[in-house]
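In: No letters, just coordinates:
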Ligand SMILES: CN(C)c1ccccc1CNc1ccc(C(N)=O)cn1
């Protein structure tokens with residue numbers, strides 16, 4: 001999959017992609033990442049990309065012409081790829097949208113800076129997405145968040161093939177259960193004996209019960225949406241009894 005990122009800080013994008021699974025996906029050719037700097041599309045002497053807002057107000061805005069030209073260049077290089085604008089005004093990114101993006105031929109991501117961009121750029125944008133209800137100095141981190149979440153979904157990217165499919169959100173719609181590894185005792189704390197039992201049916205049951213209990217405690221909204229099978233309802237009730245609720 002090809003990602004094209006429009007940013008005045010290309011180093012932020014390439015820098016992050018040197019490490020980790022996305023870095024490996026790059027070297028393995030599973031993904032391609034190209035950055036386009038609006039400054040290269042500015043027709044002003046000082047490669048100007050920002051200017052003062054009409055109507056006054058603090059800070060600067062990104063001008064439309066350099067961004068529109070950069071978007072056109074990216075569309076030519078990544079045909080069929082939707083242009084996604086990362087902004088606090090966008091739709092909230094959830095795992096379902098990530099899975100949909102993973103099926104796209106490519107993605108063109110527009111990272112805003114300053115106080116935002118000229119509204120007329122949105123005529124060239126296909127969708128506006130937000131990674132959460134908070135404000136960052138630029139759209140580069142949200143672009144990297146989207147890229148990594150999508151890259152994890154690409155077949156062949158993660159070692160144990162089905163792990164992305166096993167992601168708690170994707171598969172079960174539940175929060176993940178607790179995990180343990182060696183050493184067996186940490187600061188006097190041991191490991192739940194069920195995990196040492198070798199009884200895989202019991203282990204699976206315990207993990208589902210933990211996921212259900214944690215989701216009920218921390219994210220009841222997820223359970224609302226998902227609903228519970230009868231057997232899950234029983235596991236959750238047993239969990240609550242054991243927790244003395
Ligand atoms: C500079 N700002 C305020 C801005 C204003 C408008 C658009 C983009 C930006 C860039 N900042 C972003 C981008 C995305 C998110 C998010 N929640 O996805 C948070 N911040």
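Out: Thanks, I have the structure now. This one's a predicted model, so the numbers in the text were calculated from it and none came from an experiment.

In: elements contacting the lengthiest strand in the chain?
Out: Longest strand in the chain, counting residues (DSSP state E): strand 83-92. Strand 83-92 sits against helix 64-77, strand 106-111, strand 127-130, helix 140-153, with contacts defined as 3 or more Cβ pairs under 8 Å, 6 or more residues apart in numbering; DSSP states H and E. For every residue, glycine as well, the C-beta is placed using N, CA and C.

In: swap the cut-off to 10 Å and go again
Out: Packing partners of strand 83-92 (3 or more Cβ pairs under 10 Å, 6 or more residues apart in numbering; DSSP states H and E): strand 2-6, helix 64-77, helix 95-102, strand 106-111, strand 127-130, helix 140-153.

In: of all the ones you listed, which lies closest to residue 218?
Out: Of all those, it is helix 95-102 that lies closest to residue 218, at 16.5 Å by Cβ to Cβ.

In: got the contact list for residue 27?
Out: Residues near residue 27 by Cβ atoms under 10 Å, 6 or more residues apart in numbering: 17-18.

In: ok, it to the ligand distance?
Out: Distance of residue 27 to the ligand, given as Cβ to the nearest ligand atom, to the nearest Å: 28 Å.

In: same question, residue 242
Out: Relative to the ligand, and taking Cβ to the nearest ligand atom, residue 242 is found at 39 Å.

In: neighbours around that residue, how many?
Out: Residue 242 has 10 neighbours, counted by other Cβ atoms under 10 Å.

In: per-residue confidence at it?
Out: pLDDT for residue 242: 95.

In: ok, back up a step: reformat the helices and strands packed on strand 83-92 as TSV; add distance to the ligand.
Out: Converted to TSV, those look like this (distance: least, Cβ to the nearest ligand atom, whole Å):
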stretch	distance to the ligand
strand 2-6	12
helix 64-77	12
helix 95-102	13
strand 106-111	7
strand 127-130	4
helix 140-153	4
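
In: Now render those as CSV, adding mean pLDDT.
Out: Shown next, in CSV, are the helices and strands packed on strand 83-92 (pLDDT from 0 to 100):
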stretch, mean pLDDT
strand 2-6, 98
helix 64-77, 98
helix 95-102, 96
strand 106-111, 98
strand 127-130, 98
helix 140-153, 96
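
In: how about these in TSV, adding mean neighbour count?
Out: What follows is the helices and strands packed on strand 83-92, written out as TSV (neighbours: other Cβ atoms under 10 Å):
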stretch	mean neighbour count
strand 2-6	25
helix 64-77	18
helix 95-102	16
strand 106-111	25
strand 127-130	17
helix 140-153	21
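
In: longest helix in this structure, by residue count?
Out: helix 200-218 (DSSP state H).

In: give me the low-pLDDT residue ranges for the chain?
Out: 160-170 (pLDDT under 70).
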